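[1] the sequence and its predicted three-dimensional model are supplied below.
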Amino acid sequence: MENKQKVLEGIVVSDSMNKTVVVKVARFKKHALYGKKFKVHKKFKAHDAKNEAKKGNFVKIIESKPYSKDKRFKLLEVLPGALR
């Protein structure tokens with residue numbers, strides 16, 4: 001059986017809430033008419049049960065059950081390395 005949950009990678013932009021981090025995920029989109037690629041960002045709130053992710057960390061988040069009104073992801077792992 002395939003895993004249908006979305007897995008996203010991004011940078012933690014806020015860790016000030018308890019058990020919650022805000023992750024900025026960037027992706028490339030192609031313009032419909034001109035074909036030029038450009039970067040778009042979206043922020044997701046993710047559940048961090050152990051408060052292990054800090055601002056500036058590169059993390060992987062996975063889609064999960066709703067934890068609150070706008071928190072629909074949970075922290076999968078903190079990836080090693082510097083800012084990307």
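    Perfect, I can see it now. Numbering: from 1, shown residues only.
[2] test of understanding: give the bridge partners of K45.
    Using DSSP bridges, the bridge partners assigned to K45 are V22, K71.
[3] in the protein, which residue is most central in space?
    What sits nearest the mean C-alpha location of the chain, by Cα atoms, centre = their mean, is V23, with 4.1 Å.
[4] quick one, what contacts that residue?
    8, 10-13, 43-46, 59, 61, 73 (Cβ atoms under 8 Å, 6 or more residues apart in numbering). C-beta: built from backbone N, CA, C; applies to glycine.
[5] buried ones among the residues you listed?
    Burial by neighbour count, judged by 16 or more other Cβ atoms under 10 Å, picks out 8, 10-12, 44-46, 59, 61, 73 from the contacts of V23.
[6] doesn't I11 make contact with I61?
    No: counting by Cβ atoms under 8 Å, I61 sits too far from I11 to count as a contact (11.2 Å).
[7] what about S68, how many residues nearby?
    With neighbours defined by other Cβ atoms under 10 Å, the count for S68 comes to 9.
[8] for it, what are its contacts?
    Taking Cβ under 8 Å, 6+ apart, one finds K45 in contact with S68.
[9] and it, how far from K19?
    Separation of S68 from K19 (Cβ to Cβ, to the nearest Å): 10 Å.
[10] ok, K6 next?
    Counting by Cβ to Cβ, the gap from K6 to K19 is 21 Å.
[11] again, but for A53
    If you measure A53 against K19 using Cβ to Cβ, the figure is 11 Å.
[12] among the buried ones among the contacts of V23, which lie within helices?
    Assignment to helices by DSSP state H places none of the buried ones among the contacts of V23 there.
[13] can I get those in TSV including distance to F38?
    TSV is the format used below for the buried ones among the contacts of V23 (distance: Cβ to Cβ, whole Å):
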residue	distance to F38
L8	19
G10	17
I11	18
V12	23
F44	20
K45	25
A46	25
V59	24
I61	23
F73	24
